[in-house]
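Novice: Turn this into a structure:
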Amino acid sequence: METNNKNTTLHKAATRGYANHGWLESYHTFSFAGYNNPERVHFGVLRVLNDDRVNGGMGFGTHPHHDMEIISIPLEGDLEHKDSMGNTAVIRKGDIQVMSAGSGVTHSEYNKNQGEAAKFLQIWVIPNKRNVVPRYDQITLDVADRHNRLQQILSPNADDEGVWIHQDAWFHLGEFDNHITTSYNLKKEGNGIYAFILKGSFEIDGQTLGTRDGFGISDTNTINITSLSEGAEILLMEVPMELPTIS
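Specialist: Numbering: from 1, shown residues only. Below is the predicted model of the structure:
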């Protein structure tokens, strides 16, 4: 079931695109690669939300990107990153990785652990500037700081909490005990918010959501969030709803 109206967009987990490449299983919230759904291309500047599982000893070979902000959030296991900027790093649960592809970059991601799958979210955000100098950053967050609260993991500002990107977007992660209620106030007028449930269930503005469901809300200044299970985890992505007009 998928529901759309003026203010909300509901993407149930079972309606996502799916690809199984043997070494990689990927669920696509929005159109990606072989999954092409004209009704699910983007939510504002949120272009890609892939839920990936990479088998041990396997990974993404070197491939190019340009003019995209790429965010990786590890959920289980770890991945080794290498890129044409000379960066080599390992990302694990608790880390946030960002890459501004800008004028062009190549990179690879490999799971070097033979007996353990790696799971992570791959998120693409359309930037507000083209042809910027490519950039890589990675930070490790204290996951205790998201217990029963929303921990900021990304913003437009290098001096703010989390990583930063070339877009007026803010991401938060939260892990909640059962029946905890909180609210989120959007930081910029005209932005929308897309919630993705990592674990458990929540109610957001009267809509009940389960694991891996997505829920987008626009034309609002605040949302109310209530956890409906113990240890429920949520990712909130506030993004501009208008696609940038940039040269």
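
Novice: which one is Gly162 nearest to, not counting chain neighbours?
Specialist: Ile153 (4.1 Å; C-beta to C-beta, 6 or more residues apart in numbering). C-beta coordinates here come from the backbone N, C-alpha and C atoms, glycine included.

Novice: what's near enough to touch the one you found?
Specialist: Ile153 is in contact with 73, 96, 141, 161-163, 171-173, counting by C-beta atoms under 8 Å, 6 or more residues apart in numbering.

Novice: how about a cut-off of 7 Å?
Specialist: Ile153 makes contact with 96, 141, 162, 171-173, according to C-beta atoms under 7 Å, 6 or more residues apart in numbering.

Novice: Now rank these by neighbours and give me the top one.
Specialist: Greatest neighbour count in the contacts of Ile153, by other C-beta atoms under 10 Å, goes to Phe171: 24 neighbours.

Novice: in this structure, what secondary structure element scores lowest on mean pLDDT?
Specialist: strand 2-4 (a mean of 42; mean pLDDT, DSSP states H and E).

Novice: next helix or strand past that one?
Specialist: As assigned by DSSP states H and E, the chain's next helix or strand after strand 2-4 is strand 8-11.

Novice: Can you give the contact residues for the helix or strand just after that following strand?
Specialist: Using DSSP H and E, the helix or strand that follows strand 8-11 in sequence is strand 17-20. Residues from elsewhere that reach strand 17-20 (C-beta under 7 Å, 6+ apart): 26-28, 32-35, 37.

Novice: so which helix or strand takes in the residue nearest to Gly162?
Specialist: With DSSP H and E as criterion, Ile153 is part of strand 150-155.

Novice: That strand: how far from the chain's middle?
Specialist: Mean-position distance between strand 150-155 and its chain equals 12 Å (C-alpha atoms, centre = their mean, to the nearest Å).

Novice: repeat for stretch 62-71
Specialist: Counting by C-alpha atoms, centre = their mean, stretch 62-71 comes out at 14 Å from the chain centroid.

Novice: what does stretch 148-158 give?
Specialist: Worked out by C-alpha atoms, centre = their mean, stretch 148-158 lies 13 Å from the chain centre.

Novice: Equivalent analysis for stretch 129-147, please.
Specialist: With C-alpha atoms, centre = their mean, you get 12 Å for stretch 129-147.

Novice: which residues are in contact with that stretch?
Specialist: Stretch 129-147 has contacts (C-beta under 7 Å, 6+ apart) with 67, 83, 85, 87, 89, 91, 94-105, 151, 153, 162-163, 166, 173-175, 246-247.

Novice: so what's the backbone phi/psi at the spatially closest residue to Ile126 that is not a sequence neighbour?
Specialist: Spatial nearest neighbour of Ile126, chain neighbours left out: Val45 (4.2 Å); criterion: C-beta to C-beta, 6+ apart. Dihedral pair for Val45: phi -90, psi 0, per degrees, to the nearest 10.

Novice: Which residues outside stretch 61-73 are in contact with it?
Specialist: Applying C-beta under 7 Å, 6+ apart, the set of residues contacting stretch 61-73 is 91, 96-108, 120-127, 130-131, 154, 165-167.

Novice: wait, stretch 230-243
Specialist: Here stretch 230-243 makes contact (C-beta under 7 Å, 6+ apart) with 44-46, 125-126, 150, 167-178, 184, 186-187, 190-202, 218.

Novice: re the thing from before, nearest to Asp52, of the contacts of strand 17-20?
Specialist: Closest approach between the contacts of strand 17-20 and Asp52, by C-beta to C-beta: Ser26, at 4.8 Å.
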